[in-house]
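Asker: fold the following, please.
(one chain, ligands or ions: 1)
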Amino acid sequence: MVWSLQSVPALSDAQFALWSKLLEERAGIYLGEQKKVFLQTQVAMRMRELGYSDYGEYYQRVVDGVAGMVEWSLLVDRLVVNETSFFRHRPSIDFVGRHVAAHLQRVKAGDGSSAAFDLWSIGCSSGEEPYSLAMVMSDAYQNAGLEPRYAITGTDISRAALGVARAGIYGARKVQMVDDNYRQRYFLQVADNQYQISSLLRDRICFTHGNVLNINEMPVIQVDAIFCQNLLVYFRRWLREQILNAFVARLKPGGILVIGLGEVVDWTHPDMKRVAADGVQAYIHT
Ligand SMILES: C[S@@+](CC[C@H](N)C(=O)[O-])C[C@H]1O[C@@H](n2cnc3c(N)ncnc32)[C@H](O)[C@@H]1O
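Answerer: Numbers count the residues shown, from 1 in each chain. Next up, the predicted model:
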């Protein structure tokens, strides 16, 4: 189908306020006035697919009952920013690798802790982030001479992104950014310009749909690490802090929280201590 963007009806200020309020209430994402054209284009494209020409009518469809929830889940895929890459913030990924290696050294020294390590990647998008973490975590087990006993949960609000993550198949352009060392060990060519993550890593990751705004309704499972980057930045400050506080309850004592550098400033929590690591914003549960 060919889209003519010129025929997209203009979104009035009142309609923009309505749609952006819905996105903020349901996904936490705050769109400033400068994102109006983006919102208009994405909503209008979806309206055209369904044959709507009136924003108000389509809005009613999105907020109406169970069918509305299904439509909302399709629309949200268009409105969230899914941009990601392998080893996007290398210092943070390496920090996790070093943390797991140190944990395994303590296990080997017989301090009584378990060799298992659970990590939760929140806002994992199409999987590049949790797969990068899996690569450094696998190395930590291998270097320690231990069987891999790590598990990663990847959570995202976008079902489309999760579909890509589960398949673990990426185009050559994305894969060529990965170091040779990892590319040779963890990617298998499955078609022209298509590479799939090795099952050694895929088998250790479970991708689940989840809205971080509903974190308090998710089962309380405590993990050794939470990794959440380039998500909180779309939220207002009070919401970022509320969500970080909820993360603390999901961490085991000694567990780490790694967020994007500068994504949150001035956040403190009585149970969390900032870790001194260059170029990394991480906290440890005391
Ligand atoms: C910009 S991507 C970041 C991906 C990855 N963490 C990285 O740093 O490369 C943001 C991700 O957060 C997801 N997201 C947005 N709102 C969310 C919410 N309320 N709950 C869970 N995930 C959300 C989006 O679908 C998107 O995949």
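Asker: please make it C-alpha for all contacts and neighbour counts, starting now.
Answerer: Fine.
Asker: longest strand anywhere in the protein?
Answerer: When the chain is parsed with DSSP state E, its longest strand is strand 251-259.
Asker: note down every partner strand of that one and its orientation.
Answerer: According to DSSP bridges, strand 251-259 forms sheet pairs with strand 223-228 (parallel), strand 281-285 (antiparallel).
Asker: can you list those strands in a markdown table and add distance to Y150 and mean pLDDT?
Answerer: Shown next, in a markdown table, are the strands paired with strand 251-259 (distance: least, CA to CA, whole Å; pLDDT from 0 to 100):
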| stretch | distance to Y150 | mean pLDDT |
| --- | --- | --- |
| strand 223-228 | 10 | 98 |
| strand 281-285 | 19 | 98 |
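Asker: for the ligand, find the nearest of those strands.
Answerer: Nearest to the ligand among the strands paired with strand 251-259 is strand 223-228 (5.9 Å), distances taken as CA to the nearest ligand atom.
Asker: just how off-centre is the closest one within its chain?
Answerer: Relative to its chain's centre, strand 223-228 lies at 12 Å (CA atoms, centre = their mean, to the nearest Å).
Asker: pLDDT below threshold where in this structure?
Answerer: 1-8 (pLDDT under 70).
Asker: single out the most deeply packed of the strands paired with strand 251-259.
Answerer: Among those, strand 223-228 has the highest mean neighbour count (mean count of other CA atoms under 10 Å), at a mean of 23.
Asker: name the next helix or strand downstream of that strand, please.
Answerer: Where DSSP states H and E defines the elements, the next helix or strand beyond strand 223-228 is helix 237-249.
Asker: what's in contact with that next one?
Answerer: Helix 237-249 has contacts (CA atoms under 8 Å, 6 or more residues apart in numbering) with 28, 212-213, 215-216, 222, 226, 232-233, 257, 264, 267, 269, 271-272, 285.
Asker: wait, S126 touches V81, no?
Answerer: No - judged on CA atoms under 8 Å, S126 makes no contact with V81 at a distance of 11.1 Å.
Asker: so between these two, which is more surrounded?
Answerer: Neighbour totals were compared for S126 and V81, and S126 leads with 29 against 14 (other CA atoms under 10 Å).
Asker: mind checking how far that one is from the ligand?
Answerer: Distance, S126 to the ligand, using CA to the nearest ligand atom, to the nearest Å: 7 Å.
Asker: outline the domain layout of the protein.
Answerer: What automatic domain parsing lists as the domains of the chain is 5-79, 90-285.
Asker: out of those domains, which one sits most buried?
Answerer: With neighbours taken as mean count of other CA under 10 Å, the domains of the chain reach their highest mean count in domain 90-285, at a mean of 18.
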